[in-house]
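**Q** Got a predicted structure plus its sequence, pasted below:
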2 protein chains.
Amino acid sequence: MSIDVAAPIQRRPLHNELADRLRHMIVEGELAPGEKLAEKELCGQFGVSRTPLREAMKVLATEGLLQLTPNRGCTVSKLTLADLDEAFPIMGALEALSGELACQHITDAELARMRELHARMITKYEAGALRDYFKINEQIHQMILDAARNPTLAQMQLSLSGRVRRARYLANMSPARWAAAVAEHESMLEALSARDGKRLAAILKTHLTNKLETVKDALTE
Amino acid sequence: MSIDVAAPIQRRPLHNELADRLRHMIVEGELAPGEKLAEKELCGQFGVSRTPLREAMKVLATEGLLQLTPNRGCTVSKLTLADLDEAFPIMGALEALSGELACQHITDAELARMRELHARMITKYEAGALRDYFKINEQIHQMILDAARNPTLAQMQLSLSGRVRRARYLANMSPARWAAAVAEHESMLEALSARDGKRLAAILKTHLTNKLETVKDALTE
DNA sequence: GCTATGAATTATGAATACAAAATACAAACT
DNA sequence: AGTTTGTATTTTGTATTCATAATTCATAGC
C-alpha cells in the first residue's frame, strides 16, 4: 500500500503530541491516579525538553486530568467517589441532550452503520470478550455524539468521560449487569430508529446511571 | 483596617496570573474576537518572558477562548452564530440541572442573601443602570450555581458562559426584554423558595433562551 | 504593469541556562 | 533518642538562546 504523496505533510507541535500521549496514558490507566509526574523523568522518556512538556501539562490540568501544585509539581488527578457523583448527573444531562439531538439529525445511512456495529458488539458479548465489547460500545456512543451535530457538546462529553473512563478498567461488570447493558443498547437503537428523542434521552440516562453503579462498586473495593 | 499577618503569603506562578488576566481581557471584550495576539507584544505589556505567557495561552486555548494555529500564532476565538446555537442547548441542560440541584441543597440563609441581591438588582433596573444590573445578575446566577453543590458543574457552566459572555456587551436589551428578564428572576426566587426543582429548571431554560435571542440579535447587526 | 521567485526580516517552536523554592540530609542541641 | 537548625541537592519557575518556519519586501522575468 503506497502512501499519498500529495497529502499535506503532517507536522504538529510537540506540546500537542505530548498532551495526546499523556492523556492517553492517564485515561488508559498507565499512569495511576495520584502518581507524581517528575518533569525530568518524562523529558527523558519522551526525549524532549521541559518547555513543551510543561505546556502539555497545563493543558491536561485544565482538562482536569492532572493537578498542578505551585512549586511542588504535578500529580495525576485522583478519581474519588465525590468526583463520580458530581460527574454523572452532568453526563446524564449531556447524554440526554445528545440523544434528543441525535434523533433529530441522524441519517438512515448512519443508522445502518450503527446497527452493524451493534450486531458486532452482540457477537463480542456472546463470546464474553469484554475488552472488544468496550471498544465497539465506545464507537456506538461516539456515533450518537456525532449524530447530535454539536461539536461543543461532543467535546464536553469526551472531556468528562475521559476523567471517568479510568475507572472503567476496574469495573468488573457482573453477568446480569452486562446483559442489562446489552438490552439497553437494543432499546437505544429502537428509539433512534423511531426518532423518539425523549425515549432515547431516558434510556441513555438509565444506561449511565447503571454504569455509575458499576464504577462506584469497583472504586469502593 | 489591618491585614491578617498570620494569613498564608499569597504567591502564584506567572502563568496563572497571566491566564487570569488574559481571560478577563477576552471575556470583557478588551481583546476583540479575531484579534491576533503577538507574543512579543504581550510580553512587553506584562513585563514577562514568553515562556509563562505561552503556558497561559495553552490553557486559554483549551478553554476555547484562544485559537492556536501551529507556526502562525494565536488569535482570540470568534463567536459565530453557530457557536451560540451549539452552546445554548448545552447551557440550557446544565442550567436546568443546576436549578434542580440548587433546590435540593439551598439553605434558608442563602435564600435570604439571594433575596437581598435580587432587591438590589431591582433598584438598578429601575434606575436604568444596565451595567450594575448585569453585575448583580451574575452574582445571583453564581449563587444558584454554588447552591447546586457541584463544583464540576459550576466550572463547566462558567467556562461555557465565558465564551458567550463576550456577546453580552453588544447586547442592547430592549426595555420589554429587560422587564421580562426581571420578571423571570422573580419567578426564580419563588421556585427556589418552594424548592420546586422542575419549575426552576423550566424558568432557567426560558430565561436562557430569551437571552440567546438578545445576543443573536446583537451579533447579527 | 503584473506575477513569480528569492533574500531579509520577523515570529513561533524548542532547548538550554539561570533563579528560586522545596526537599533531603546531616550535624548540633536539648 | 528526638527535635531543631543549617546546608546540599533536587525540582520547579522563568528567562534567554538557538532553530525553524512564516511573512514581507524587493527584484527579475514575462
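**A** Arrived safely. Residues are numbered from 1 along each chain as shown, chains lettered A, B, ... in the order given.

**Q** Contacts for the least confident helix or strand in chain A by mean pLDDT, please.
**A** When the helices and strands of chain A are compared on mean pLDDT, DSSP states H and E, helix A:197-220 comes out lowest with a mean of 85. With contacts defined as Cβ atoms under 8 Å, 6 or more residues apart in numbering or on different chains, helix A:197-220 is touched by A:79, A:81, A:84, A:88, A:91-92, A:95-104, A:144, A:164, A:167-168, A:170-174, A:177, A:180-181, A:184-185, A:187-188, A:191-192. Just so you know, the C-beta spots here come from the backbone N, C-alpha and C atoms, and that holds for glycine as well.

**Q** Quick check: closest non-adjacent residue to residue A:184.
**A** residue A:207 (4.6 Å; Cβ to Cβ, 6 or more residues apart in numbering or on different chains).

**Q** where's the one you found relative to residue B:147, distance?
**A** According to Cβ to Cβ, to the nearest Å, residue A:207 stands 29 Å off from residue B:147.

**Q** and if you look at residue A:131?
**A** Residue A:131 is 42 Å from residue B:147, by Cβ to Cβ.

**Q** need the residues of chain A near chain B, please.
**A** Within chain A, the positions lying close to chain B (Cβ under 8 Å from any Cβ of the partner chain) are A:11-13, A:15-16, A:51, A:54-56, A:58-59, A:61-64, A:70, A:83, A:86-87, A:89-90, A:93-94, A:96-97, A:101, A:150-153, A:156.

**Q** let's go with 6 Å and repeat that
**A** A:13, A:55, A:58-59, A:62, A:70, A:86-87, A:89-90, A:93, A:97, A:150, A:152-153 (Cβ under 6 Å from any Cβ of the partner chain).

**Q** In chain A, where is pLDDT below threshold?
**A** A:1-6, A:168-171 (pLDDT under 70).

**Q** for it, what spans make up the helices?
**A** A:14-27, A:39-46, A:50-62, A:81-105, A:108-127, A:130-147, A:151-165, A:175-193, A:197-220 (DSSP state H).

**Q** elements contacting the shortest one?
**A** Right, the one you point to is helix A:39-46. Applying 3 or more Cβ pairs under 6 Å, 6 or more residues apart in numbering or on different chains; DSSP states H and E, we find helix A:39-46 packed against helix A:50-62.

**Q** by how many degrees do the helix it packs on and helix A:39-46 diverge?
**A** Going by axes from the mean of the first three to the mean of the last three Cα atoms, to 10 degrees, helix A:50-62 is angled at 110 degrees with respect to helix A:39-46.

**Q** Quick check: which helices or strands does helix A:50-62 pack against?
**A** Checked by 3+ Cβ pairs under 6 Å, 6+ apart, helix A:50-62 has helix A:14-27, helix A:39-46, strand A:66-68, helix B:50-62 packed alongside it.

**Q** Highest mean neighbour count out of the ones you listed?
**A** Sort these by mean neighbour count, taking mean count of other Cβ atoms under 10 Å in any protein chain shown, and helix B:50-62 sits at the top with a mean of 21.

**Q** so how far is it off the chain centroid?
**A** The chain centre lies 21 Å from the centre of helix B:50-62; the measure is Cα atoms, centre = their mean, to the nearest Å.

**Q** That one and DNA strand C, are they touching?
**A** Yes. Helix B:50-62 lies within reach of DNA strand C by Cβ under 7 Å from any atom of the strand, at B:50-51, B:54.

**Q** how far out from the middle of the chain is the least confident helix or strand of chain A?
**A** Per Cα atoms, centre = their mean, the centroid offset for helix A:197-220 relative to its chain is 14 Å.

**Q** Give me the buried positions along it.
**A** Neighbour-count burial for helix A:197-220, counted by 16 or more other Cβ atoms under 10 Å in any protein chain shown, picks out A:197, A:199-201, A:203-205, A:207-208, A:211-212, A:214-215, A:219.
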